[in-house]
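1. I would like the atomic coordinates for the input below:
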Amino acid sequence: MKLKKPLIRKQIIGENLVYSGIWAVVYLIPIMNSNLMSEAYIDFNKVFLAWGKITPYFILFLLNNQVFIRFQLNRGRFVHYILTCLLIICITFGCIEVYEQWRIAVLGESVGELIQPRHASLTDLRWYWNIVLCAFMFCANLGIKKFYEAMQRDEDNERLARENVEAEMYYLKYQINPHFLMNTLNNIHALIDIDADSAKRGLIELSEMMRHVVYESSAETIPMSKDIKFIENYIELMRIRYAQKIDVRFTYPKTIPSTLSVPPLVFIVFVENAFKHGVNRNKTSFIHIDISIEEQTIVANFCNSLHHTSNPKHTSGIGLENVGRRLEHIYGDRHELKIAEQSDKYCVTLKIPVSYES
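-> Predicted coordinates for the structure are as follows:
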């Protein structure tokens with residue numbers, strides 16, 4: 001599920017303004033040099049020739065900024081990025097050098113004749129200095145981009161911290177709300193005389209759930225085993241709440257590494273949604289939950305029966321939209337959230353990368 005992002009972020013605007021300002025100055029240098037040298041008029045032949053020598057730098061800058069950094073460096077291919085940049089730079093200025101030598105040898109002219117000393121700075125350079133200067137430009141481009149990415153990351157982290165607190169408070173207010181507690185306590189009270197052991201078990205599970213929400217959900221990540229236990233407690237409480245028979249299946253890995261961590265209160269949103277919209281007291285209902293670990297990905301599937309009176313698009317708790325926004329901030333493009341609705345069932349599939357606490 002793709003969530004809406006702001007169309008333009010201030011970091012992107014700032015970064016592009018820096019690039020625009022730098023290139024505006026670079027392209028103005030040939031004209032500014034004419035004025036600084038007190039020439040009677042601007043020789044636009046020199047200016048156009050200087051711009052022609054600047055343009056390969058600009059094209060390489062665009063390739064580095066829009067392609068190489070985005071599709072190689074940001075995907076962890078640092079060595080590939082370095083080799084690709086060096087190869088493209090060398091090929092570009094090597095071809096330019098061959099072309100200029102060809103013009104000198106075949107056409108009998110010097111392409112540098114129009115450029116007087118110091119009248120077209122940063123343009124009339126030997127091919128090896130062009131390579132060095134372009135490599136420096138790539139490093140400067142990378143430094144500027146990483147600087148603004150760090151600013152954006154800091155802003156995202158601050159926003160995520162605020163949203164985690166808001167999500168926790170929202171959860172306390174609506175997920176474990178007075179209505180839910182009242183129904184659960186009433187069911188437990190009714191069981192005291194009928195099945196005292198079940199009533200005691202229900203109180204213990206409710207206590208563990210409240211302890212998890214109050215004391216552990218404030219962390220950025222929690223052990224996955226604790227989140228699994230929280231879901232189990234919630235399911236058992238819902239079994240007490242719904243007296244009719246419901247086909248509830250919850251499967252998960254028997255062995256979960258103690259360092260395997262997940263964001264708190266993420267899976268439970270989909271579990272709650274399944275119980276709220278997948279249970280009909282007058283019809284056969286089912287809720288199937290499967291959480292597995294596939295290589296470096298945690299895959300969680302939530303399927304529930306779909307009845308004509310159900311409206312799965314409206315959720316309780318913090319809701320699918322809010323949890324989707326949390327996942328977007330935490331994982332970015334590294335997570336996948338799919339929702340599939342059929343005539344008789346409603347399924348959600350969530351995939352997040354495996355993360356281990358140190």
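
2. all contacts plus neighbour counts: C-alpha atoms, from now on.
-> Fine.

3. against residue 336, how distant is residue 51?
-> For residue 51, the distance to residue 336 equals 46 Å [C-alpha to C-alpha, to the nearest Å].

4. swap in residue 280?
-> 29 Å.

5. ok, now residue 145?
-> For residue 145, the distance to residue 336 (C-alpha to C-alpha) stands at 27 Å.

6. next one: residue 189
-> Using C-alpha to C-alpha, residue 189 is found at 42 Å from residue 336.

7. also residue 273?
-> Counting by C-alpha to C-alpha, the gap from residue 273 to residue 336 is 18 Å.

8. neighbour count winner among the two?
-> Neighbours were counted for residue 273 and for residue 336 using other C-alpha atoms under 10 Å; residue 273 has more, 21 against 18.

9. so which strand or helix has that one?
-> Element membership of residue 273 [criterion: DSSP states H and E] is helix 267-278.

10. buried ones in whatever helix or strand comes next after that helix?
-> Going down the chain from helix 267-278, the next helix or strand is strand 286-294, by DSSP H and E. Residues of strand 286-294 classed as buried by neighbour count (16 or more other C-alpha atoms under 10 Å): 286-289, 291-293.

11. would you map the strands across the stretch 151-300 of the chain?
-> Here the stretch 151-300 of the chain has its strands, by DSSP state E, counting those that start in this stretch, at 222-223, 247-251, 260-262, 286-294, 297-305.

12. out of these, flag the one nearest residue 203.
-> Residue 203 lies closest, by C-alpha to C-alpha, to one member of these: strand 247-251, at 20.6 Å.

13. distance from the closest one to the middle of the chain?
-> 31 Å (C-alpha atoms, centre = their mean, to the nearest Å).

14. got it, and stretch 245-258?
-> Here stretch 245-258 is found 28 Å from its chain centre; the criterion is C-alpha atoms, centre = their mean.

15. pLDDT weak spots in the stretch 151-300 of the chain?
-> Within the stretch 151-300 of the chain, the stretches with pLDDT under 70 are 165-181, 183-184, 213-218, 243-244.

16. at 50 instead, please
-> Where the stretch 151-300 of the chain drops to pLDDT under 50, the residues are 172-177.

17. go on, the stretch 1-150 of the chain?
-> Low-confidence segments of the stretch 1-150 of the chain (pLDDT under 50): 1-7, 111-122.

18. counting contacts, what elements does the longest helix seen in the chain pack onto?
-> With secondary structure taken from DSSP state H, the chain has its longest helix at helix 127-170. Helix 127-170 sits against helix 10-36, helix 44-63, helix 78-106, helix 319-331, with contacts defined as 3 or more C-alpha pairs under 8 Å, 6 or more residues apart in numbering; DSSP states H and E.

19. any idea which of these gets closest to residue 342?
-> helix 319-331 (18.1 Å).

20. immediately after that closest one, which helix or strand?
-> strand 336-341.

21. report the distance from that next one to the chain centre.
-> Relative to where its chain is centred, strand 336-341 has its mean C-alpha point 17 Å off (C-alpha atoms, centre = their mean).

22. still on that earlier bit, next, format the helices and strands packed on helix 127-170 as a markdown table and append distance to residue 346 and mean neighbour count.
-> Formatted as a markdown table, the helices and strands packed on helix 127-170 follow (distance: least, C-alpha to C-alpha, whole Å; neighbours: other C-alpha atoms under 10 Å):
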| stretch | distance to residue 346 | mean neighbour count |
| --- | --- | --- |
| helix 10-36 | 39 | 15 |
| helix 44-63 | 44 | 16 |
| helix 78-106 | 42 | 15 |
| helix 319-331 | 13 | 18 |
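
23. looking at these, which is nearest to residue 350?
-> For the helices and strands packed on helix 127-170, proximity to residue 350 was assessed by C-alpha to C-alpha; helix 319-331 is nearest, at 9.9 Å.

24. same question for the closest one, mean pLDDT?
-> Average pLDDT, helix 319-331: 78.

25. now it against helix 127-170, angle please.
-> 140 degrees (axes from the mean of the first three to the mean of the last three C-alpha atoms, to 10 degrees).

26. could you check the angle helix 319-331 makes with helix 267-278?
-> Computed by the same axes, to 10 degrees, the angle separating helix 319-331 from helix 267-278 equals 160 degrees.

27. in what helix or strand does residue 349 lie?
-> Residue 349 belongs to strand 345-353 when assigned by DSSP H and E.

28. gap between that strand and the chain center?
-> Taking mean C-alpha positions (C-alpha atoms, centre = their mean), strand 345-353 and its chain are 17 Å apart.

29. could you point out which element follows it?
-> Where DSSP H and E defines the elements, the next helix or strand beyond strand 345-353 is strand 355-356.

30. perfect, that will be all.
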